[in-house]
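Novice: Build me a structure from this.
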Amino acid sequence: MQQLIITRPDDWHLHLRDGAMMQSVLPDTARQFARAIVMPNLKPPVTTTEQAQAYRARILAALPAGAKFEPLMTLYLTDNTSAEEIRKAKASSFVHAVKYYPAGATTNSDAGVTDLRKTYAALEEMQRCGMPLLVHGEVTDPAVDVFDREAVFIEHVLQPLLKDLPKLRVVFEHITTKDAAQFVANASDNIAATITAHHLLYNRNAMFKGGIRPHYYCLPVLKRETHREALVQAAISGNKKFFLGTDSAPHAQHTKETACGCAGCYTAHAAIEMYAEVFEQAGELDKLEGFASFYGTDYYHLPRNMQKVTLRKQEWQVPATVGFGEHRLVPLRAEEKMEWKLVE
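Specialist: Sure thing, here's the model as predicted:
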């Protein structure tokens, strides 16, 4: 196949940052996706509906002229999030979910939840009104191996939560393991999951090929090949519980290439092309549209996009760096060849 036409996709997990940095990366997302669930882990985090409205306004103001893109806002769950705040968020037309970060789990998560039981008033209201909870599914106990944190999260956090709140709508973000894929597949219909392009393309060896490769370091960290294969099978399965979420996370080059580099892969520059490569390699390119354009939209009870986009089999080279405010960032696959290209 040399060309693929699909309904314009949406990104159900995205980091845009703020200010000049956001202005640098937003065009990449707006070019590819009609909508995106925007993460709230700014400094300070987006914890109220009013803050989400202001952040949304800044995103819209930063869009390139003529761009048609809708940011779908989220709130950052804290120990102090109230049921009243959830009601305000639900009543708004722009807040679509609430994000749960275990405190210290990843970038800008220091204000995250220290004890999930402290959030039950908010979570009970979310269950009542149908507001999805987006979970970063890792425990932060230093005694747990970093490669086991997702599996332990399922057993120690997610299963008890769903026993207490069985109707809570939960999106298990950026799943990385066979354990998570099986859990979601076997769970009730209110449980779904996003899968990133980089977790579909790479196993943990990619971080160490020829030396330490910091631009492949993300959280949750890349896992064994058996887990990558399980994720591919979930993505191509046609199961509507699994859908596209890039977790594209821009970081300045100097903050990645340092003694203690931050976690995150920037993929917004070539996201849908990377997913197309995965589905083509699996011989299931016809399944891409459902995964990228339909299943997430249906889960969030939003109308499907009407516009179409065209992907063409066309070789092109990813740039070495791209602008990021006053800095530069290194995109995933920098200076490498891509096989698919989104037609402008």
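Novice: all contacts plus neighbour counts: C-alpha atoms, from now on.
Specialist: Will do.
Novice: In this structure K341 contacts V318, no?
Specialist: No: K341 sits out of contact with V318 when judged by Cα atoms under 8 Å, with a separation of 10.8 Å.
Novice: where does L219 land on pLDDT?
Specialist: Looking at L219, its pLDDT is 95.
Novice: how much space between the residue nearest to it when sequence neighbours are not counted and P214?
Specialist: Once flanking residues are discounted, L219 sits nearest to A263: 5.8 Å by Cα to Cα, 6 or more residues apart in numbering. Counting by Cα to Cα, to the nearest Å, the separation of A263 from P214 is 8 Å.
Novice: who's in contact with Q253?
Specialist: H327, R328, L329, V330 (Cα atoms under 8 Å, 6 or more residues apart in numbering).
Novice: Let's see that with 6 Å instead.
Specialist: R328, L329, V330 (Cα atoms under 6 Å, 6 or more residues apart in numbering).
Novice: try H15
Specialist: V38, M39, S248, A249.
Novice: Low-confidence stretches in the stretch 1-150 of the chain?
Specialist: Within the stretch 1-150 of the chain, the stretches with pLDDT under 70 are 104-110.
Novice: gap between stretch 256-274 and the chain center?
Specialist: Stretch 256-274 sits 12 Å away from the centroid of its parent chain (Cα atoms, centre = their mean, to the nearest Å).
Novice: What are the contacting residues of it?
Specialist: Where contact means Cα under 6 Å, 6+ apart, the residues beyond stretch 256-274 that reach it are 28-29, 217-219, 248-250, 255, 331-332, 340-341.
Novice: mind listing which of those are in helices?
Specialist: Applying DSSP state H to the contacts of stretch 256-274, the entries found in helices are D28, T29, T255.
Novice: are any of the residues you listed buried, and which?
Specialist: The neighbour-count test (16 or more other Cα atoms under 10 Å) marks T29 as buried among the ones in helices among the contacts of stretch 256-274.
Novice: Dump the ones in helices among the contacts of stretch 256-274 to CSV, plus distance to T119.
Specialist: Output for the ones in helices among the contacts of stretch 256-274, formatted as CSV (distance: Cα to Cα, whole Å):
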residue, distance to T119
D28, 35
T29, 32
T255, 33
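Novice: Out of the ones in helices among the contacts of stretch 256-274, which is nearest to L116?
Specialist: Nearest to L116 among those, counting by Cα to Cα, is T255 at 30.7 Å.
Novice: Who's the closest spatial neighbour of that closest one, skipping the chain neighbours?
Specialist: G261 (5.7 Å).
Novice: From D18, how far out is R8?
Specialist: Relative to D18, and taking Cα to Cα, R8 is found at 25 Å.
Novice: Settle it for me: which of the two has more neighbours?
Specialist: Of the pair R8 and D18, R8 is the one with more neighbours under other Cα atoms under 10 Å, namely 21 against 18.
Novice: if I read this right, that one contacts K308, doesn't it?
Specialist: Yes: between R8 and K308 there is a contact under Cα atoms under 6 Å: 5.0 Å.
Novice: Please enumerate the strands of the chain.
Specialist: 3-7, 11-14, 35-38, 70-76, 95-100, 133-135, 170-172, 191-195, 242-244, 308-317, 322-324, 327-329, 337-342 (DSSP state E).
Novice: any idea which of those is most buried?
Specialist: Mean neighbour count (mean count of other Cα atoms under 10 Å) peaks for strand 242-244 among those, with a mean of 30.
Novice: List the residues that contact A252.
Specialist: Counted by Cα under 6 Å, 6+ apart, A252 has contacts R328, L329.
Novice: go again using 8 Å as the cut-off
Specialist: By Cα under 8 Å, 6+ apart, the contact list for A252 reads F324, H327, R328, L329, V330.
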